[in-house]
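K.L.:
Give the three-dimensional model of this entry:
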Amino acid sequence: MPLRATDNPLVLPLLGLLLEQPRHQYALLTDLRERYGMRVRTGSLYTLVGSIREAGWIEQTDSNRTPSGDKASPAVFRVTPAGQDEFSRRVVVDLTDTDPANATRFVTALAYIGILDRATARATLDARIDALEQHAQEWEQSIETSGLPPIYMIEADFMASQTRHDIAWLERFVQRISDPDEAWPADTPSTR
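P.N.:
The predicted structure is shown next:
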């Protein structure tokens, strides 16, 4: 459990959803559950939205909400410029973090890589590739120097193989990013 609410791994997808379009809290909850399969409690989400609002990363878009029937319409939130900066920073951090325990964070950040300009995206993924290459070499070295029959090092063999697969995929993706004919969201002026 993070010590600060703003360290919660849900912050990245929340900011990402709000960058796509302003939403009210229940829509955020629904989208987190449906798009990411996250099991999020309503109270936890509302508390986290309050925390990222206090951090200055989101703001309410409708300060003069009009009542609808007996109830006021729900508050709608959007990302602030500071929130956009924080979102980009988190995408880079989560894309370069090679800790297997944070694999879900990597996949979520990968979904938003288009927020980065091409050069930053390439540099970020190149840094991940370099770190993964080091991990793969360490796994392979441990197999070679163990002196054990291969079956006793099967987990190291699996990790080395999986890491090599990830490296190959990332290298292909970096090539796609490098192709100026490949559509890239950050190259397109925003219409918002």
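K.L.:
so what's Leu14 closest to, chain neighbours aside?
P.N.:
Leu28 (6.1 Å; CB to CB, 6 or more residues apart in numbering). (C-beta placed from N, C-alpha, C; glycine too.)
K.L.:
count of neighbours near that neighbour?
P.N.:
21 (other CB atoms under 10 Å).
K.L.:
Show me how the chain divides into domains.
P.N.:
For the chain, automatic domain parsing gives the domain ranges 5-63+76-106, 117-187.
K.L.:
TSV for those, including mean pLDDT?
P.N.:
Shown next, in TSV, are the domains of the chain (pLDDT from 0 to 100):
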stretch	mean pLDDT
domain 5-63+76-106	92
domain 117-187	95
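K.L.:
List the residues that contact the residue nearest to Leu14.
P.N.:
Going by CB atoms under 8 Å, 6 or more residues apart in numbering, Leu28 touches Leu14, Leu17, Leu18, Leu45, Val49, Phe77.
K.L.:
circling back: tell me the most buried of the domains of the chain?
P.N.:
By mean neighbour count, with neighbours taken as mean count of other CB atoms under 10 Å, domain 5-63+76-106 ranks first of these at a mean of 16.
K.L.:
Show the end-to-end separation of that one, please.
P.N.:
Distance across domain 5-63+76-106, first residue to last, is 20 Å (CA to CA, to the nearest Å).
K.L.:
What distance do you get for the residue lying closest to Arg164 once chain neighbours are set aside to Thr163?
P.N.:
With CB to CB, 6+ apart as the criterion, Arg164 has its nearest non-adjacent residue at 5.5 Å, and that residue is Ala136. Ala136 sits 4 Å away from Thr163, going by CB to CB, to the nearest Å.
K.L.:
got it, and Arg33?
P.N.:
Arg33 is 31 Å from Thr163, by CB to CB.
K.L.:
coming back round to it: separation between the residue nearest to Leu14 and Arg41?
P.N.:
13 Å.
K.L.:
Next: Asp157.
P.N.:
40 Å.
K.L.:
which residue is nearest the centroid of this structure?
P.N.:
In the chain, the residue lying closest to the centroid (CA atoms, centre = their mean) is Ala109, at 2.3 Å.
K.L.:
nearest spatial neighbour of it, skipping sequence neighbours?
P.N.:
Asp94 (3.5 Å).
K.L.:
Leu95: what's it in contact with?
P.N.:
By CB under 8 Å, 6+ apart, the neighbours of Leu95 are Phe106, Ala109, Leu110, Ile113, Thr124, Leu125, Arg128.
K.L.:
Of all the helix elements in this protein, which one is longest?
P.N.:
helix 118-146 (DSSP state H).
K.L.:
quick one, phi/psi of the most far-flung residue of the chain relative to its centre?
P.N.:
Distance from the centre of the chain peaks at Gly147, with 39.8 Å (CA atoms, centre = their mean). Dihedral angles of Gly147 (phi, psi; degrees, to the nearest 10) stand at phi 70, psi 10.
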